[in-house]
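*Asks:* fold the following, please.
(4 chains)
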Number of protein chains: 2
Amino acid sequence: MESSKRPGGRSARVRDAVRQATLAELVERGYPGLTVENVAERSGVHKTTVYRRWGSVEGLISDALELAKDEPWPIPDTGSIEGDLRGIVQLVRTGFDDPELGPVSTAFVAAAVQNPDAARALHEFFVARHEQSAEVVRRAVARGELPDVIDVREVVRVAVAPVYYRLFVAHEPVSERDADRAADAALAAARAGVL
Amino acid sequence: MESSKRPGGRSARVRDAVRQATLAELVERGYPGLTVENVAERSGVHKTTVYRRWGSVEGLISDALELAKDEPWPIPDTGSIEGDLRGIVQLVRTGFDDPELGPVSTAFVAAAVQNPDAARALHEFFVARHEQSAEVVRRAVARGELPDVIDVREVVRVAVAPVYYRLFVAHEPVSERDADRAADAALAAARAGVL
DNA sequence: CTCCAATCGCAACCGGGGTAGCGTTAGCGT
DNA sequence: ACGCTAACGCTACCCCGGTTGCGATTGGAG
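*Replies:* Below is the predicted model of the structure:
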């Protein structure tokens, strides 16, 4: 699937240059301002080449998402489920506050909302994230902090959902306290055996 | 602000035709496919007129959102907070399943993610929704079903957030059971005094 | 009924994103 | 080292969303 005929040399350089340019453009202009032409100029790769290999703006996004999926992120291990879950939700919140990471992440969400390919790629991304994050819940169950018949991924979803909801749906600010409260709410539900 | 010099007659006809055409286009093509040109042709209003009064695609969206905000929606009153909260979340879920309403709502979210004006308009919309929905929580508090020192709007947010999160962020399907579980989780958190 | 300004329709234009055909470069197997 | 061909660069072109200037229509006050 991923085995091209010429994976190394110039092709690899072109690929990296375009990917880097895509991310830089997303930081500066966001998804609405992302255009193949700009990416081509910034990367030094010719416009037609980008069109041939990535097809369109959506292709660029999907490719960038593919990369982001593989990068693991620092799951907290504070010793208690409260601390871990709060840590995860704060990680999400601060991620979107970050001047470098925020615009890119936002662009991914924006792209996925209106493009099926990007949506699939982002879905894969979140499947991986949920799986990684659920580890803190599994540990809590092993420690006896939580009942054992719960959907570990759902706890993560319920914990982070309010942050995303505020950011991308209701368009409200998200304070540190809001994030903690979201984590606590998910935890309370898990303890009550609802999840 | 909204008092034009000529609110009636031809201007009013033009306004209604464009609004209706905008919604129809959103249903058929969604936000990415929404263009002033198509709206103009469908409505029978000339292209330049649409540009003059609405400015751009974003203006059309914001105008449509303005209308949607004023429409109240049927808040359930089942007698118990479980039933009411579940009802609200199911209302959200089925709303996006609806072949007529779904695409328009989705388009609103998509537009708001990448346009500041639409984001503001959608924010206003959700402020209104939260306020209306919080009534079921207030009733529950009055009935003694919930502790009284809670943020009534936050209960609603936590309840519906997982549905939106699945739909627009993680891009996962949302089953009827998922929706109920989200409502139950918010309820458990409220009972625990977290919200 | 009359007038005038607000509003709309029209045709021509513009600019940039996206495409097509073709020549050039350089991976990579031998 | 050599040659084949995948992959890239270049030019020219098209298409269509968006803009502009001006003349035609019509709401609504008096």
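*Asks:* near DNA strand C, anything from the top helix by length along chain A?
*Replies:* If you go by DSSP state H, chain A has its longest helix at helix A:116-143. No: judged by Cβ under 7 Å from any atom of the strand, helix A:116-143 makes no contact with DNA strand C; its nearest approach is 14.4 Å. To be clear about C-beta, it is placed using only N, CA and C from the backbone, and glycine gets the same treatment.
*Asks:* list the buried residues for that helix?
*Replies:* Neighbour counts over helix A:116-143 (16 or more other Cβ atoms under 10 Å in any protein chain shown) mark A:117-119, A:121-123, A:125-126, A:128-130, A:133-134, A:136-137, A:139-141 as buried.
*Asks:* now do that helix: which elements does it pack against?
*Replies:* Applying 3 or more Cβ pairs under 8 Å, 6 or more residues apart in numbering or on different chains; DSSP states H and E, we find helix A:116-143 packed against helix A:57-70, helix A:81-97, helix A:101-114, helix A:152-164.
*Asks:* what about the third one, near DNA strand C?
*Replies:* It refers to helix A:101-114. No: remark: helix A:101-114 sits outside contact range of DNA strand C, by Cβ under 7 Å from any atom of the strand, the gap being at least 13.2 Å.
*Asks:* buried sites along that helix?
*Replies:* Buried, per 16+ other Cβ under 10 Å, within helix A:101-114: A:Pro103, A:Val104, A:Ser105, A:Thr106, A:Ala107, A:Phe108, A:Val109, A:Ala110, A:Ala111, A:Ala112, A:Val113, A:Gln114.
*Asks:* what is the nearest of those to DNA strand D?
*Replies:* Nearest to DNA strand D among the buried residues of helix A:101-114: A:Gln114, at 14.8 Å, using Cβ to the nearest atom of the strand.
*Asks:* relative to DNA strand C, how far out is the closest one?
*Replies:* Relative to DNA strand C, A:Gln114 is positioned 13 Å away (Cβ to the nearest atom of the strand, to the nearest Å).
*Asks:* average pLDDT across the longest helix of chain A?
*Replies:* The average pLDDT within helix A:116-143 is 95.
*Asks:* again with stretch A:16-29
*Replies:* According to the model, stretch A:16-29 has a mean pLDDT of 94.
*Asks:* give me the contacts around it.
*Replies:* Contacts with stretch A:16-29, where a contact means Cβ atoms under 8 Å, 6 or more residues apart in numbering or on different chains, come from A:33-35, A:38-40, A:42-45, A:50, A:53-54, A:60-61, A:63-64, A:67, A:100, A:103-104, A:107.
*Asks:* any part of that stretch near DNA strand C?
*Replies:* No: figure legend: stretch A:16-29 not in contact with DNA strand C (Cβ under 7 Å from any atom of the strand); closest approach 10.5 Å.
*Asks:* can you give me the buried ones in that stretch?
*Replies:* Quick answer for stretch A:16-29 (16+ other Cβ under 10 Å): A:Ala17, A:Val18, A:Arg19, A:Ala21, A:Thr22, A:Leu23, A:Glu25, A:Leu26.
*Asks:* now swap in stretch A:66-81 and tell me
*Replies:* Counting neighbours by 16+ other Cβ under 10 Å, stretch A:66-81 gives A:Ala68, A:Lys69, A:Ile75, A:Ile81 as buried.
*Asks:* closest to B:Val149 among those residues?
*Replies:* Ranked by distance to B:Val149 (Cβ to Cβ), those are led by A:Ile81 at 24.5 Å.
*Asks:* what sits against the residue lying closest to the closest one once chain neighbours are set aside?
*Replies:* Once flanking residues are discounted, A:Ile81 sits nearest to A:Ala140: 3.6 Å by Cβ to Cβ, 6 or more residues apart in numbering or on different chains. Counting by Cβ under 8 Å, 6+ apart, A:Ala140 touches A:Ser80, A:Ile81, A:Asp84, A:Leu146.
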